[in-house]
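> Here you go, sequence then predicted model.
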Amino acid sequence: MLMALLSCSLCSCSYVNSGFDGKRFSKTRHITVLAESPDDALAGFIHDSVLSECNIDVEFVSSEYFIMEYGVVPDIAYMSYSDLITTYYRMNSVKNLSPYLVEYDNYLTDLKELLGDSIYSCADDPSEVWYLTAKSPEPDYRVTFIRKDWLDILGLEVPSSREEFHECLIAFRDNAALLLGDDAAHIIPFLVDNKPNVSCKPLFDSFYDPDISDRDFYLHGYCRVTQDGYHDGLQTLNEWYHQDLLPDDFQSIRPDTKEHYEPIEKGYVGAFCNKYDYLYKNGSDSHIRALHENRGNDAGYICVNTFENADGEYTVWQEDYLDSGIKKIFMPSTCSDPLACLVYLNWLSGPEQIEKIGGYAENNVSVRVSPNDFLLTYQRSYSDGLSAGENDCVSALKTAESMKVIRRGNKCIRYGYLYLMYIDSDTDYYSVYPDSTGIFTCDVICAPEGMFESVFIDEIQRYANSGAFEIFHLRKSEWDKVMINGRMDPE
């Protein structure tokens with residue numbers, strides 16, 4: 001009890017001694033922050049704003065002078081590689097932020113609201129926080145598009161389930177002459193390419209067991225092919241293939257190539273899955289502009305949620321891994337004012353500041369950089385369609401954001417398919433294994449009528465022997481190392 005009282009007393013004293021009232025320091029604090037373009041007009045705007053509102057004098061330090069090994073580091077730094085930060089932490093070169101996040105909890109509401117549970121670099125051990133992972137609110141998963149004008153012509157309601165979606169595809173197929181006239185033979189009710197595991201991800205996601213454990217989800221690898229439910233997704237696509245709802249030659253259609261997007265632009269495609277802004281990006285060269293030129297301004301798509309899971313929810317499954325591409329914000333051990341640094345990060349994380357900084361960058365011609373260069377905790381890539389005020393793009397974004405994101409696995413484990421780079425094997429799985437996934441899914445989807453089960457059994461065994469079994473056991477070893485034995489050291 002005495003120790004608890006003493007702890008509370010120390011926390012209370014630290015608040016008082018800090019001269020901070022929850023919004024502003026009584027005496028000016030000085031901190032240094034890493035920046036790609038420290039002399040940009042946006043840096044000056046942020047400096048003046050945070051000095052006025054929080055009494056923090058921020059000095060932006062150029063990244064070209066950032067040399068961690070020589071101790072030439074600002075108070076707030078960032079990089080994309082979590083393994084490197086982990087190494088620095090093990091060398092006592094990076095501060096453990098957890099005690100400060102606890103002690104100054106009442107002052108960091110915007111920061112914690114923005115980052116949520118991801119504020120912990122390893123959710124299973126919140127006593128150690130080596131860095132903060134920036135928030136990326138932009139949905140990077142696939143959603144479903146369907147021709148709205150075709151639905152209207154045929155008097156069909158917008159589908160909201162897998163069965164209704166299937167009925168729409170059949171209606172498109174059966175009314176090809178009405179919808180396309182002389183081009184009826186080119187109709188593609190549902191566009192799938194030679195990587196169905198990606199292009200049909202919303203369909204596969206709907207078949208997964210919502211109650212699967214983090215461990216099992218991680219062990220079944222980054223592509224989910226061996227996970228329960230994937231079989232049912234393949235069987236559905238096999239049935240649709242024999243109903244002439246997929247392209248006859250989908251095995252030869254490569255993603256993001258002319259053979260993939262040209263049928264969409266020419267107006268032959270009834271539905272497909274892609275990222276929410278796929279149709280609207282690239283301005284005057286967007287796919288939706290090409291569709292309008294070929295089929296008139298009434299031609300268009302609506303973004304829909306149609307693939308419900310066993311609980312009736314629209315879900316997107318994401319492996320919970322350490323994102324190798326987004327900023328990791330950390331404080332080197334030389335940082336002498338972690339409170340001021342966290343207050344600054346909290347100030348940056350407030351919705352009003354995000355909007356204000358983004359607005360200043362957009363409306364000031366002297367700003368030459370993206371707001372992301374300075375909005376450390378919030379990293380957004382704005383779609384051309386959103387910037388141009390495309391109503392359909394805004395609607396698609398809202399549909400994507402309404403999906404329930406299920407994150408399984410564990411952030412402490414190696415990230416994504418880059419795991420394959422670490423495999424000590426004579427086979428180059430990093431380049432071979434992803435392609436073998438596409439070959440397997442295509443071969444099973446094309447199984448002759450009445451032979452799906454036998455083809456699936458043969459192909460899944462061949463696929464497993466090509467590397468899936470080995471990767472499964474390697475992932476199990478990695479899980480045991482980290483989650484059971486508690487070893488977090490990078491290889």
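Thanks, I have the structure now.

> Residue 380: which element?
Assigned by DSSP states H and E, residue 380 belongs to neither a helix nor a strand.

> which SS state does residue 32 fall under?
For residue 32, the assignment made with DSSP: H, G, I helix; E, B strand; the rest coil gives strand.

> Tell me which residues touch residue 97, please.
129, 130, 131, 132, 330, 331, 338, 342 (CB atoms under 8 Å, 6 or more residues apart in numbering). For every residue, glycine as well, the C-beta is placed using N, CA and C.

> Also residue 303?
143, 144, 145, 276, 392, 395, 396, 399, 400.

> wait, which of those is closest to residue 23?
The nearest member of these to residue 23, counting by CB to CB, is residue 400 at 35.1 Å.

> How about the secondary structure of the closest one?
Residue 400 - assigned by three-state DSSP - is helix.

> Quick check: the gap between it and residue 245.
24 Å (CB to CB, to the nearest Å).

> So which residues of this protein form strands?
29-35, 56-62, 77-79, 132-133, 142-147, 188-190, 269-275, 301-304, 315-320, 328-330, 404-409 (DSSP state E).

> Can you name every helix or strand that the third one contacts?
It refers to strand 77-79. Here strand 77-79 touches strand 328-330, going by 3 or more CB pairs under 8 Å, 6 or more residues apart in numbering; DSSP states H and E.

> The last one now?
When contacts are defined as 3+ CB pairs under 8 Å, 6+ apart, strand 404-409 packs onto helix 214-219, strand 315-320.

> Check what contacts that strand and list those residues.
With CB under 8 Å, 6+ apart, strand 404-409 has contacts from 141, 210, 212-214, 217-218, 313-321.

> Mind doing that once more with 7 Å?
The contact list for strand 404-409 (CB atoms under 7 Å, 6 or more residues apart in numbering) reads 210, 212, 214, 217-218, 313-321.

> and if you look at the second one?
Outside strand 56-62, the residues that touch it by CB under 7 Å, 6+ apart are 25, 28-35, 38, 43, 46-47, 50-51, 74, 340, 343-344.

> In it, which residues are buried?
56, 58, 60, 61 (16 or more other CB atoms under 10 Å).

> Tabulate these (JSON lines), appending distance to residue 151 and pLDDT.
Converted to JSON lines, the buried residues of strand 56-62 look like this (distance: CB to CB, whole Å; pLDDT from 0 to 100):
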{"residue": "56", "distance to residue 151": "54", "pLDDT": "97"}
{"residue": "58", "distance to residue 151": "53", "pLDDT": "97"}
{"residue": "60", "distance to residue 151": "52", "pLDDT": "94"}
{"residue": "61", "distance to residue 151": "55", "pLDDT": "90"}
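
> and which of those residues is nearest residue 365?
residue 60 (20.5 Å).

> what about residue 209, distance to residue 402?
On the measure of CB to CB, residue 209 and residue 402 end up 22 Å apart.

> swap in residue 160?
12 Å.

> Now do the shared contacts for these two.
Common neighbours of residue 160 and residue 402 (CB under 7 Å, 6+ apart) are residue 305.

> Tell me how many other residues surround the closest residue to residue 220 other than its chain neighbours.
Excluding its sequence neighbours, the residue lying closest to residue 220 (CB to CB, 6 or more residues apart in numbering) is residue 227, at 4.2 Å. Using other CB atoms under 10 Å, residue 227 has 19 neighbouring residues.

> so what's residue 227 scoring on pLDDT?
With respect to pLDDT, residue 227 scores 90.

> Kindly report the same for the one 3 residues further on.
On pLDDT, residue 230 comes in at 95.

> Check residue 358 too.
Predicted confidence (pLDDT) for residue 358: 87.

> Same check on residue 472?
Note for residue 472: predicted pLDDT of 83.

> show me the contacts for it.
219, 220, 221.

> ok now stretch 404-412, how far from the chain's centre?
Distance, stretch centre to chain centre, for stretch 404-412: 11 Å (CA atoms, centre = their mean, to the nearest Å).

> could I get the contacts of residue 97 as JSON lines with distance to residue 480 and neighbour count?
Output for the contacts of residue 97, formatted as JSON lines (distance: CB to CB, whole Å; neighbours: other CB atoms under 10 Å):
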{"residue": "129", "distance to residue 480": "24", "neighbour count": "21"}
{"residue": "130", "distance to residue 480": "22", "neighbour count": "22"}
{"residue": "131", "distance to residue 480": "25", "neighbour count": "23"}
{"residue": "132", "distance to residue 480": "28", "neighbour count": "27"}
{"residue": "330", "distance to residue 480": "28", "neighbour count": "25"}
{"residue": "331", "distance to residue 480": "32", "neighbour count": "26"}
{"residue": "338", "distance to residue 480": "35", "neighbour count": "19"}
{"residue": "342", "distance to residue 480": "35", "neighbour count": "21"}
